[in-house]
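A.B. asks: the sequence isn't on hand, but the structure is:
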């Protein structure tokens, strides 16, 4: 369904409704190709209304009247890079919250608590949240690792990196302020330990956790250039669903290369089926899709 275009006419002083034309097959195919080429994300025909809605909102904001004109602005306009970044943000940012997948975070906790104690004392644990959106996932990982270290009576030697393709969400994640609804379902003791009231009815992450988390902009198509290596935990949930099956496998292979021997890779349920990533051993779990990198593999 085409979007309604609200336009305030200065001459008439009233809101008039201007209808955007329907996106035809050629235009949709053109946008599909551009998105997949630049981000790897595939849009099925069922997602056309999603694309029309998000393009329509942005086109209205900048006063662009046709999908073709906006496409040309994105591809070759004078402000193409900045406009592309804005659009990618609209198309990829996902709604999330703290401890969104409790089973997965319990698995991470069990993994850390069963590591050799001497190993944890010698070398900081490094975790990576891929496709971290506004930061809830990497901050949750930091809380889980901090709880584990406390339980083991060890110094909190760990660091978490969050990466995402969207620059605006990375900036929001760094800010560390959240709407309290993002904490729904969290244990009250954890809330009181790791959050404090902030301005405009928000809450913010305490410094002891914020200091352990850093953020960087990264397109998963560029994983071969990513500086992350020797990671103990890689968390990549609800990201692979946007990619074709062959590309999912390529991304997982790249992530596995960046795991330390014995490292843990956690994906979203159902994101990778009927395939065993080379060099990884499946973690027996009914509720979490995860693998351990074999100790014999060389980095």
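C.D. replies: All right, it came through fine. Please read all numbers here as calculations on a predicted model, not as lab measurements.

A.B. asks: next, residue 290: secondary structure please.
C.D. replies: Per DSSP: H, G, I helix; E, B strand; the rest coil, the local secondary structure of residue 290 is strand.

A.B. asks: what's the distance between it and residue 235?
C.D. replies: Remark: distance between residue 290 and residue 235 (CB to CB, to the nearest Å) = 10 Å. For glycine as for every other residue, the C-beta is placed from the backbone atoms N, C-alpha and C.

A.B. asks: overlap in contacts, the two.
C.D. replies: Taking CB atoms under 8 Å, 6 or more residues apart in numbering as the contact definition, residue 290 and residue 235 share the neighbouring residues 104, 266.

A.B. asks: these two: which is more packed in?
C.D. replies: residue 235 (29 against 22; other CB atoms under 10 Å).

A.B. asks: which stretch of helix or strand covers the more buried one?
C.D. replies: Here residue 235 is covered by strand 231-236, with elements defined by DSSP states H and E.

A.B. asks: ok, and what's touching that strand?
C.D. replies: Residues beyond strand 231-236 that count as contacts (CB under 8 Å, 6+ apart) turn out to be 104, 108, 111-112, 125-131, 137-138, 141, 251, 255, 258-260, 262-268.

A.B. asks: the domain parsing of the protein - what is it?
C.D. replies: Annotated domains of the chain cover 23-89, 100-291 [the TED database].

A.B. asks: just name the most buried of those.
C.D. replies: Stretch with highest mean neighbour count among these: domain 100-291 (a mean of 17; mean count of other CB atoms under 10 Å).

A.B. asks: mean confidence score for it?
C.D. replies: Per-residue pLDDT over domain 100-291 has a mean of 93.

A.B. asks: now do it: distance from first to last residue.
C.D. replies: Chord length of domain 100-291, first to last residue, is 20 Å (CA to CA, to the nearest Å).

A.B. asks: helix, strand or coil for residue 255?
C.D. replies: The assignment at residue 255 comes out as helix when based on three-state DSSP.

A.B. asks: so what's it up against?
C.D. replies: 130, 223, 234, 236, 265.

A.B. asks: swap in residue 164?
C.D. replies: Applying CB under 8 Å, 6+ apart to residue 164 gives the contacts 92, 131, 132, 133, 170, 173, 215, 217, 218.

A.B. asks: for the residue nearest to it when sequence neighbours are not counted, list the residues it contacts.
C.D. replies: What sits nearest to residue 164 in space, not counting adjacent residues and going by CB to CB, 6 or more residues apart in numbering, is residue 132, at 5.1 Å. Under the criterion of CB under 8 Å, 6+ apart, the neighbours of residue 132 are 138, 162, 163, 164, 169, 170, 173, 215.

A.B. asks: how close does residue 132 get to residue 237?
C.D. replies: To residue 237, residue 132 is 10 Å away according to CB to CB.

A.B. asks: got the residue ranges for the strands in this protein?
C.D. replies: If you assign secondary structure with DSSP state E, the strands in the chain sit at 4-9, 14-19, 125-130, 158-164, 177-178, 195-197, 203-205, 213-217, 231-236, 259-267, 280-282, 289-293.

A.B. asks: as TSV, those with distance to residue 52 would be great.
C.D. replies: Putting the strands of the chain into TSV (distance: least, CB to CB, whole Å) gives the following:
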stretch	distance to residue 52
strand 4-9	11
strand 14-19	12
strand 125-130	29
strand 158-164	24
strand 177-178	30
strand 195-197	38
strand 203-205	36
strand 213-217	27
strand 231-236	29
strand 259-267	30
strand 280-282	39
strand 289-293	33
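
A.B. asks: residue 84: which of these is closest?
C.D. replies: Shortest separation from residue 84 across those is recorded for strand 213-217, at 13.1 Å, computed as CB to CB.

A.B. asks: helices or strands up against the closest one?
C.D. replies: Contacting strand 213-217 under the criterion 3 or more CB pairs under 8 Å, 6 or more residues apart in numbering; DSSP states H and E are the following elements: helix 136-151, strand 158-164, helix 167-175.

A.B. asks: what lies in contact with stretch 112-121?
C.D. replies: With CB under 8 Å, 6+ apart as the contact definition, stretch 112-121 has outside contacts at 125, 144, 145, 148, 149, 151, 152, 154, 155, 157, 233.

A.B. asks: ah, wrong one, I meant stretch 188-206
C.D. replies: Contacts to stretch 188-206, defined as CB under 8 Å, 6+ apart, come from residues 139, 143, 147, 176, 177, 178, 179, 180, 183, 209.
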